[in-house]
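Enquirer: Provided below are the primary sequence and the corresponding predicted coordinates.
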Amino acid sequence: MYWFLFILLRFILRRDVGSLGISDFLFVVIIGDAAQNGMTGNATSATDGMVLIGTLVFWSYMLDFMSFQFPVIQRFTSAPRLCLVRDGKLQRRNMRREFITDEELNAKIRQEGVDGLANVKRMYLEADGEISLISKDEPKATA
């Protein structure tokens, strides 16, 4: 069930989760269910719930560890960033893929204090669902 939900949420609900990672969100939901099963005592005992929660914690830790150690696994466990605006031009295909409207992008541009689409160098949908913006008129860092 964990793997089924993980794959489902990883590829479908990426944007709706917000800043919480997919695996974190899934982990919290399943832990809540596992704890509930262990506390009700209907057909399971508290020990069964603890074993289940321990197993889930182990797999969550292993996914994080393996993602850190192996980039191939990280590409599976976290979504890549997606370019929405490149040099002031909307990337319509990517916007359609994630169901992002012009109004949503324009609102984010205004929130970042950028004067308009023409002043956007890059705009990305990040892995955590947030939208980041790089404006054309950012001052260059001096060393």
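Expert: In hand now; what should we look at? All values derive from a computational prediction rather than experimental measurement.
Enquirer: Neighbours of N94, how many?
Expert: Around N94 there are 16 other residues, counting by other Cβ atoms under 10 Å. For the C-beta atoms, the positions are set from N, CA and C on the backbone; glycine is no exception.
Enquirer: same check, this time on I109
Expert: Neighbour count for I109, taken as other Cβ under 10 Å: 20.
Enquirer: Contacts only, for it.
Expert: With contact taken as Cβ atoms under 8 Å, 6 or more residues apart in numbering, I109 is in contact with 116-117, 120, 123, 133.
Enquirer: pLDDT for those - can I get that in TSV?
Expert: Listed next are the contacts of I109 as TSV, based on pLDDT from 0 to 100:
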residue	pLDDT
G116	88
L117	91
V120	93
M123	95
L133	93
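Enquirer: Just to check, I31 is in contact with W59?
Expert: No: applying Cβ atoms under 8 Å as the test, I31 and W59 come out as separate, 11.3 Å apart.
Enquirer: re the thing from before, so among the contacts of I109, which ones count as buried?
Expert: Buried members of the contacts of I109, counted by 16 or more other Cβ atoms under 10 Å: 120, 123, 133.
Enquirer: In three-state terms, label the second one for me.
Expert: Secondary structure for M123, judged by DSSP: H, G, I helix; E, B strand; the rest coil, is strand.
Enquirer: try C83
Expert: Assignment for C83 (three-state DSSP): strand.
Enquirer: Hmm, it is touching N94, no?
Expert: Yes: taking Cβ under 8 Å as the definition, C83 is a contact partner of N94 at 6.1 Å.
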